[in-house]
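>>> Model the following, please.
(one chain, ligands or ions: 2)
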Amino acid sequence: MKSPPFAAIVLAAGKGTRMKSDLPKVMHRIAGRPLVQHVLAAVAPLAPRRTIVVLAPGMETVAATVPEATVAIQHEALGTGHATLAAVPALADASVADVLVLFGDTPLLTTETLQAMLAERRRTPAAAVVVLGMRPEGPTEYGRLVVADGMLEAIVEIKDATASQREIGLCNSGVMAIDAKLLPALLGALGTDNAKGEYYLTDIVAIARRQGLPCRIVEAPAEELVGINSRADLAAAEALMQRRLRAAAMAGGATLTAPETVFFSADTRIGRDVTIAPYVVCGPGVVIEDRAEILSFCHFTGARIGEGAIVGPYARLRPGAAIGADAHIGNFVEVKQATIGRGAKANHLSYIGDAEIGAGANIGAGTITCNYDGFTKEQTRIGAGAFIGSNTVLVAPVSVGAGAYIGAASTIVSDVPDDALSLSRAPQVDKPGRAAALRAKRSAAKAARKGGQG
Ligand code: UD1
Ligand code: MG
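Ligands and ions are numbered 1, 2, ... in the order given. Predicted structure coming up:
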């Protein structure tokens, strides 16, 4: 049976004062992705009919990162209930059965948990509100869930809680599934008679209970529900997310020798039988295909590594680097916006930028593409099977034909035809005996200086 449509409201208008940042809180990143995008990525597989993100005026940067969502503006930060109310007009023509309210600052939430929330909301008798509960360890600032006879009766914010309510272990994660028909009236009944003088969304539970409407709880692991309020929370969430991403990579058939030293982005894609040695960082946009081997101390961003390629140690792949199948990229090699052909090798100390390297080409140690003249970026093309001698400087735009051979230490400024041998270096001059003569002269001078001092 097809489930009835629902809408998602993501609250993200809060100031995030505790972050001490010029950036809106939900734009801070974990695993290379803004917090708010993690939340949207968790909801997306459930195909909400509409997703509304509630922002404060001036949060254009956030709006730009969530193009798939409808943006509603909360003009004044008067609390989570007030923020939800700001999204209600955008629901008017959506004809949905449920509304999921999520916080933009809980990035570890999973799709499975949200699905369980919707299922619990619809279970007969249908609940007015389902709240996602958790049992975090130690003292926390979360709202407490007051339960009686299996029914959720109220949520009490910590600042408003009595001593005995503070002892309750079951806490509010902030996520709610609400009957869409009831939502406007529940929000309309909110007041501000509380410690913060705000419209608390959490108060809709007590309001629904006063009307005899059922409210229930779904529980999820506290790990999944951490809310980010400070930089310390951000670091803790990053650690949890990395653990998840490493586990997923290994479950997918990758070997991580020391998983705790390898860092992924939320969008990193890793194939089967990939091996990753200790200390590797994958920024956003990285794809590592089957059987590739990544050696230690590599940093990748926006790069694709083909099947069976060997990369590192100490390789840096920047955006637009596409390493072909079975190619080798070695020590201290930087590749940017360049395609490295199948089986090609650049094993030592090179910069390859804005280039196309043909299959099986060999790039000698220290080869540099001079892609930038201070004004424009220019292309270097190297044909299949070409051999570029060590310490070659390729001044772009320039191309080296297939099968060509460049002598070591050449500076190549014009195109080299296929299969040509090309050299451009000063001729070598040998002066027999001159080194010995120089040595004798300098030693005699030094001895004379020492004698003078004595
Ligand atoms: C809230 C809950 C608390 C819960 C905790 C879980 C309320 C009253 N309290 O507290 O029970 O345990 O989350 O993390 O709901 N926001 C707006 N507009 C506002 C205020 C907040 O959009 O006027 C947004 C924030 O951007 C944030 C979310 O709502 O994404 C939660 O706000 P926050 O201030 O972090 O609430 P907590 O104090 O953490
Ligand atoms: Mg919070």
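>>> How about the contacts made by the residue lying closest to R231 once chain neighbours are set aside?
Ranked by C-beta to C-beta, 6 or more residues apart in numbering and with sequence neighbours excluded, the top spatial neighbour of R231 is M19, at 6.5 Å. Where C-beta positions appear, they are placed from N, C-alpha and C, glycine not excepted. Counting by C-beta atoms under 8 Å, 6 or more residues apart in numbering, M19 touches K25, H28, I228, N229, S230, R231, L234.
>>> ok, and of these, which contact ligand 2?
N229 (C-beta under 5 Å from the ion).
>>> Of the contacts of M19, keep whichever come out buried.
Neighbour-count burial (16 or more other C-beta atoms under 10 Å) is assigned, among these, to K25, H28, I228, N229, L234.
>>> Rebuild the residues you listed as TSV, extending it with pLDDT, secondary structure and distance to ligand 1.
Output for the buried ones among the contacts of M19, formatted as TSV (pLDDT from 0 to 100; DSSP: H, G, I helix; E, B strand; the rest coil; distance: C-beta to the nearest ligand atom, whole Å):
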residue	pLDDT	secondary structure	distance to ligand 1
K25	95	helix	6
H28	97	coil	12
I228	95	coil	8
N229	93	coil	6
L234	97	helix	13
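>>> Select, from those residues, the two members most distant in space.
Spatial extent of those (C-beta to C-beta) is set by the pair H28 and N229 at 10.9 Å.
>>> those helices in the stretch 201-350 of the chain, which residues are they?
204-210, 231-251 (DSSP state H, counting those that start in this stretch).
>>> for the stretch 1-150 of the chain, that is, sorry about that
Applying DSSP H, counting those that start in this stretch to the stretch 1-150 of the chain gives helices spanning 35-43, 60-65, 80-87, 111-122.
>>> How about the residues of the stretch 101-250 of the chain by ligand 2?
Within the stretch 101-250 of the chain, the positions near ligand 2 by C-beta under 5 Å from the ion are G227, N229.
>>> need the contact list for the residue of the stretch 101-250 of the chain found nearest ligand 1.
Relative to ligand 1, the nearest point of the stretch 101-250 of the chain is G143 (2.4 Å; C-beta to the nearest ligand atom). Taking C-beta under 8 Å, 6+ apart as the criterion, G143 is in contact with I155, V156, E157, I158, C171, N172, T202.
>>> who wins for neighbours among the residues you listed?
I155 (27 neighbours; other C-beta atoms under 10 Å).
>>> Now do that one against ligand 2, distance only.
Distance from I155 to ligand 2, counting by C-beta to the ion, to the nearest Å: 14 Å.
>>> tell me what the strand or helix carrying that residue is packed against?
Using DSSP states H and E, I155 sits within strand 151-156. Helices and strands touching strand 151-156, as assessed by 3 or more C-beta pairs under 8 Å, 6 or more residues apart in numbering; DSSP states H and E, comprise strand 129-134, strand 144-148, helix 204-210, strand 215-219.
>>> And the following helix or strand past it, what's buried?
The helix or strand immediately downstream of strand 151-156 is helix 163-166, counting by DSSP H and E. Neighbour-count burial for helix 163-166, counted by 16+ other C-beta under 10 Å, picks out Q165.
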